[in-house]
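In: model this:
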Amino acid sequence: MNIEQLIADNEGTIVDVRTAGEFMGGNVAGSINIPLNEVPYRMEELKNLEFPLILCCASGNRSGQVENYLSANGVSCVNGGSWMTVNYLKSLNFQL
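Out: Residues are numbered from 1 along each chain as shown. Model prediction:
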């Protein structure tokens, strides 16, 4: 899945897996926060979101871990990397 195209087409749900404190310090507009350590306990919630899930965090490391976990559990998702990259890609769509 091409992250740029997913964001341009406004497909899926952006899920930020950073801590609540990190999320409150800045986030992608419209994204939801489900911290890495809460993912296994919130699988039903994740499965009810619009797919694919576009995962992000500070650097792409935690979102990569979540991508591996969710993919192994049959959830359609992609690692978007840094939330700032995802935010930048989303901002490009508002400028068009």
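
In: Model confidence for Leu92, exactly?
Out: Looking at Leu92, its pLDDT is 85.

In: tell me the SS of it?
Out: Assigned with DSSP: H, G, I helix; E, B strand; the rest coil, Leu92 falls in the helix class.

In: which of the residues in stretch 21-41 are buried?
Out: Under the neighbour-count criterion of 16 or more other CB atoms under 10 Å, stretch 21-41 has Glu22, Phe23, Asn27, Val28, Ser31, Ile34, Pro35, Leu36, Val39 buried. Just so you know, the C-beta spots here come from the backbone N, C-alpha and C atoms, and that holds for glycine as well.

In: burial of the closest residue to the first one other than its chain neighbours, as a residue count?
Out: So the one you mean is Glu22. Once flanking residues are discounted, Glu22 sits nearest to Ala58: 6.7 Å by CB to CB, 6 or more residues apart in numbering. Neighbours of Ala58 under the rule other CB atoms under 10 Å: 16.

In: I'd say Ala58 and Gly81 touch.
Out: No. Using CB atoms under 8 Å, Ala58 is not in contact with Gly81, being 9.6 Å away.

In: where exactly do the strands run in this protein?
Out: 13-16, 32-33, 53-57, 77-82 (DSSP state E).

In: So which of these is the most surrounded?
Out: The highest mean neighbour count among the strands of the chain, using mean count of other CB atoms under 10 Å, belongs to strand 53-57: a mean of 28.

In: Can you pull out the low-pLDDT segments for the chain?
Out: Applying pLDDT under 70 to the chain flags residues 94-96.
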